[in-house]
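[1] Predicted model follows, preceded by the sequence.
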Amino acid sequence: MNEATRQKLMGVSVATLATALFKRGLRNQVIQEVRPVAPKGRNMVGPAFTLRYMPAREDRNQLAEFRKPDHPQRAAIEACPAGHVMVIDSRKDPRAASAGDILITRLMVRGVAGVVTDGGFRDAATIGGIDMPAYHTRPSSPTNLTLHEAIEINGPIGCGDSPVFPGDVVVGDDDCVIVIPADIADEVADEAVEMTAYEDFVVERVRDGASIMGLYPCTRDEHQVAFAEWRARHGR
């Protein structure tokens, strides 16, 4: 992805991005019921690399499967490119884990930007302590083989009711995760930076006692003038 776009998205919130996408008619881009394993105080940004699970069938999902070098879960961990975000479709079912701390640590060491599942992670406390951002629904100790079969790498998926296509831009903050279609990521990032500047100005004014009427959204010329002066003072 465009590095300038990546840097812009590092400084905006998922909430602001959701509004920018809503204005474009996209209402289901936030991955639902997913939250940070542990807050990192910084954004996760990167193109999506996907893994899809399907319901497990017992004769195909014994522990011996993990000995196979082409097992899709293991293969995906080694194939996810540096700077990307691995997004896992676990069928919104956290009763069996999507992965554990060893695999997530391997992603971190390989330079992956983050990992998201609409299921759960085992060893969640350990995963929360590593530097790479990780998002899930809740901790889950049973191995993925219990209920899930890893079946497809880097195809279109649904994650928490959000459509995710390989290469879409994934952004996570300390609240949640959103998916931006790749073809509009640059323009959405530009707009979100502008929105963030105005929102920061508004927060400052509201803390000083200003009414939100005419300020948020801006419908009065005096606020536009004050915002321009604020930007000049703050280099925004």
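    Done, it's in.

[2] how about the strands in this protein?
    35-36, 44-55, 85-89, 97-99, 114-117, 120-121, 134-136, 138-139, 148-153, 157-159, 162-164, 169-172, 177-180 (DSSP state E).

[3] and of these, who's closest to residue 12?
    Of all the strands of the chain, strand 169-172 sits nearest to residue 12, with 7.8 Å by Cβ to Cβ. Heads up, the C-betas are built off the backbone N, CA and C, glycines and all.

[4] Serialize the strands of the chain to TSV and add fields for distance to residue 1 and mean neighbour count.
    TSV is the format used below for the strands of the chain (distance: least, Cβ to Cβ, whole Å; neighbours: other Cβ atoms under 10 Å):
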stretch	distance to residue 1	mean neighbour count
strand 35-36	22	18
strand 44-55	5	22
strand 85-89	11	29
strand 97-99	24	29
strand 114-117	14	28
strand 120-121	25	26
strand 134-136	19	26
strand 138-139	30	14
strand 148-153	20	19
strand 157-159	19	22
strand 162-164	15	21
strand 169-172	6	28
strand 177-180	10	26
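
[5] Kindly reformat these as CSV containing distance to residue 3 and mean pLDDT.
    Output for the strands of the chain, formatted as CSV (distance: least, Cβ to Cβ, whole Å; pLDDT from 0 to 100):
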stretch, distance to residue 3, mean pLDDT
strand 35-36, 24, 98
strand 44-55, 10, 98
strand 85-89, 15, 98
strand 97-99, 28, 97
strand 114-117, 17, 98
strand 120-121, 29, 98
strand 134-136, 23, 98
strand 138-139, 34, 98
strand 148-153, 25, 97
strand 157-159, 25, 98
strand 162-164, 22, 98
strand 169-172, 12, 98
strand 177-180, 16, 98
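
[6] could the ones you listed be laid out in CSV, adding distance to residue 74?
    Formatted as CSV, the strands of the chain follow (distance: least, Cβ to Cβ, whole Å):
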stretch, distance to residue 74
strand 35-36, 25
strand 44-55, 10
strand 85-89, 13
strand 97-99, 10
strand 114-117, 14
strand 120-121, 16
strand 134-136, 18
strand 138-139, 22
strand 148-153, 8
strand 157-159, 18
strand 162-164, 21
strand 169-172, 22
strand 177-180, 24
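
[7] Which one, of those strands, ends up nearest to residue 10?
    strand 44-55 (5.6 Å).

[8] What residues of the lengthiest helix in the chain count as buried?
    Scanning the chain for the longest helix, with DSSP state H as the assignment, gives helix 185-207. Residues of helix 185-207 classed as buried by neighbour count (16 or more other Cβ atoms under 10 Å): 185-186, 188-189, 191-193, 195-199, 201-202, 205.

[9] go on, stretch 141-149?
    Using 16+ other Cβ under 10 Å as the test for burial, stretch 141-149 gives 143-145, 147-149.
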